[in-house]
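**Student:** give me a 3D structure for the following:
(one chain, ligands or ions: 1)
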Amino acid sequence: MVKFLELKGFYELERTIGCGGFAKVKLATHLATGEKVAVKIMDKALLGADLARVKLEISALKSLSHENICKLYEVIEIETHIFLVMEYCSGGELFDHIVEKNRLTESESRMFFRQIVSAVAYLHTLGYAHRDLKPENILLDRHQNLKLIDFGLCAKPEGGMANPLYTSCGSPTYAAPELVQGKQYLGTEVDVWAMGVLLYTLLAGALPFDDVNIDSLYKKILSGKYEEPPFMSLESLRLIRCMLQVDPTKRITIKELLSHPWLTLGVLEPVQIMLQNSKMYQRECIGIMATHYNVENRTMWQHLKKWKYDYHTATYLLLVSKKKRGSGLKLYSLS
Ligand SMILES: COc1cc(O)cc(Nc2ccc(C(=O)Nc3ccccc3)c(OCCC[NH3+])c2)c1
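**Tutor:** Sure thing, here's the model as predicted:
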């Protein structure tokens with residue numbers, strides 16, 4: 001395996017946990033904290049024109065901080081490669097979880113779906129659309145919390161989310177009718193359709209629109225007709241019908257989703273969008289880092305608040321997540 005000298009002493013790369021077109025994702029250990037991370041390794045020579053899209057994703061990830069979105073810890077760019085150090089989601093893919101259980105109960109689907117809606121509503125509030133929502137891009141952490149990943153296709157249209165997008169992207173099975181027709185579309189509406197496909201998949205354990213032949217698949221999507229399994233409750237079917245509306249102007253919006261009766265059934269409050277970190281943890285983690293690196297707290301805070309997404313950013317974010325987990329805080333001297 002190619003040894004990257006720039007990571008030596010900071011990260012120890014382990015097994016590959018995912019690979020896509022121009023990227024490989026490896027499990028790694030952040031040596032100062034001993035915490036597991038996922039490192040997305042991109043060969044700049046293979047990226048070509050996609051380099052601009054990677055830069056877009058990085059700037060998007062730097063502005064996102066949400067419980068249900070996989071966290072970016074550090075960006076390392078060397079002459080030949082870009083490394084994204086991300087949160088490790090040890091529970092693996094939601095897709096495998098559904099396959100293993102064949103299909104989920106309504107209450108388990110609700111618990112997962114509320115987290116997806118919270119993450120996507122947060123994204124839309126910040127002016128982003130994910131555009132590639134599917135179970136493979138939804139991971140679980142050790143506590144069965146969902147983590148949205150892979151913002152390689154996310155978009156932030158100029159002038160905000162009300163402006164249309166044109167690029168046809170994402171996976172056909174989750175693609176909205178307006179997208180497969182090559183029409184102008186709104187990222188928010190395309191994300192709501194994909195979430196409808198996702199919810200159907202959680203509850204039915206199968207895809208609403210599926211065909212080995214791409215043209216037949218497109219015809220099914222454009223028809224908006226899908227099988228309504230007898231075991232699905234009327235409330236679930238009603239919600240899915242609102243999301244899988246062929247006409248995007250008739251489709252439920254993310255805002256209406258947040259307080260839809262199906263999502264709040266048996267749960268008191270509507271879905272929360274912003275989940276806050278505690279200030280107390282932040283002060284304690286800065287103190288531990290300042291002591292470890294033998295600098296004043298204020299100096300350490302001055303550096304961290306620049307959010308350079310360097311090794312200090314990763315160490316700080318990993319300490320805060322450790323603290324939230326109730327684990328002890330310890331820093332190891334780099335060899
Ligand atoms: C914002 O989060 C992103 C953005 C991005 O561009 C790529 C990724 N990639 C990740 C991040 C973490 C994992 C991971 O922890 N996977 C895993 C862990 C335990 C068992 C199995 C997988 C990751 O996995 C790659 C395969 C997922 N389809 C990709 C996150």
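**Student:** quick check: residues of the stretch 101-250 of the chain near the ligand?
**Tutor:** By the rule C-beta under 6 Å from any ligand atom, the part of the stretch 101-250 of the chain lying against the ligand is Glu136, Leu139, Ile149, Asp150, Phe151, Gly152. From N, CA and C alone the C-beta is placed, and that goes for glycine too.
**Student:** quick one: which of those residues is nearest the ligand?
**Tutor:** The ligand has its nearest neighbour among these in Ile149, at 3.4 Å by C-beta to the nearest ligand atom.
**Student:** OK, contacts around that closest one?
**Tutor:** Cys70, Met86, Cys89, Asn137, Ile138, Leu139 (C-beta atoms under 8 Å, 6 or more residues apart in numbering).
**Student:** excluding chain neighbours, what is closest to it?
**Tutor:** Cys70 (4.5 Å; C-beta to C-beta, 6 or more residues apart in numbering).
**Student:** tell me the two of the contacts of Ile149 that are most distant?
**Tutor:** Met86 and Ile138 (14.3 Å; C-beta to C-beta).
**Student:** most surrounded residue in the residues of the stretch 101-250 of the chain next to the ligand?
**Tutor:** The most crowded member of those, judged by other C-beta atoms under 10 Å, is Leu139 (27 neighbours).
**Student:** residues touching it, list them.
**Tutor:** Cys70, Cys89, Gly91, Gly92, Glu93, Leu94, Leu146, Lys147, Ile149.
**Student:** isn't the third one up against Ile138?
**Tutor:** No: if you go by C-beta atoms under 8 Å, Gly91 and Ile138 don't touch, sitting 10.3 Å apart.
**Student:** okay, these two: which has more neighbours?
**Tutor:** In this view Gly91 and Ile138 are compared by other C-beta under 10 Å, and Ile138 has more residues nearby, 25 against 16.
**Student:** beta partners of the more buried one?
**Tutor:** Taking DSSP bridges as the rule, Ile138 bridges to Leu148.
**Student:** need the contact list for it.
**Tutor:** Contact analysis of Ile138 by C-beta under 8 Å, 6+ apart lists Glu93, Leu94, Phe95, Ile116, Leu146, Lys147, Leu148, Ile149, Leu198.
**Student:** how many neighbouring residues does the first one have?
**Tutor:** Applying the criterion other C-beta under 10 Å, we find 18 residues in the vicinity of Glu93.
**Student:** just the local confidence number for it, please.
**Tutor:** We note a pLDDT of 93 for Glu93 in this prediction.
**Student:** what are the bridge partners for it, then?
**Tutor:** Beta-bridge partners, per DSSP bridges, of Glu93: Leu139.
**Student:** need the contact list for it.
**Tutor:** Pro135, Glu136, Ile138, Leu139, Leu140.
**Student:** how about the nearest residue to the last one, chain neighbours excluded?
**Tutor:** Think Leu140. Gly91 (2.8 Å).
**Student:** list the residues that contact that neighbour.
**Tutor:** His97, Leu139, Leu140, Asp141, Arg142, Gln144.
**Student:** what is the nearest of these to the ligand?
**Tutor:** In terms of C-beta to the nearest ligand atom, no member of the contacts of Gly91 lies closer to the ligand than Leu139, at 5.5 Å.
**Student:** tell me how far Val85 lies from Lys322.
**Tutor:** Counting by C-beta to C-beta, to the nearest Å, the separation of Val85 from Lys322 is 15 Å.
**Student:** and the two? which has more neighbours close in?
**Tutor:** Neighbours per residue (other C-beta under 10 Å) separate Val85 from Lys322, with Val85 holding more: 26 against 18.
**Student:** tell me where this protein is predicted with low confidence.
**Tutor:** Across the chain, the ranges flagged by pLDDT under 70 are 1-2, 154-155, 157-170, 268, 274-277, 334-335.
**Student:** residue boundaries of the helices in the stretch 101-250 of the chain?
**Tutor:** Under the criterion DSSP state H, counting those that start in this stretch, helices of the stretch 101-250 of the chain are mapped to 106-125, 177-180, 187-204, 214-223, 234-243.
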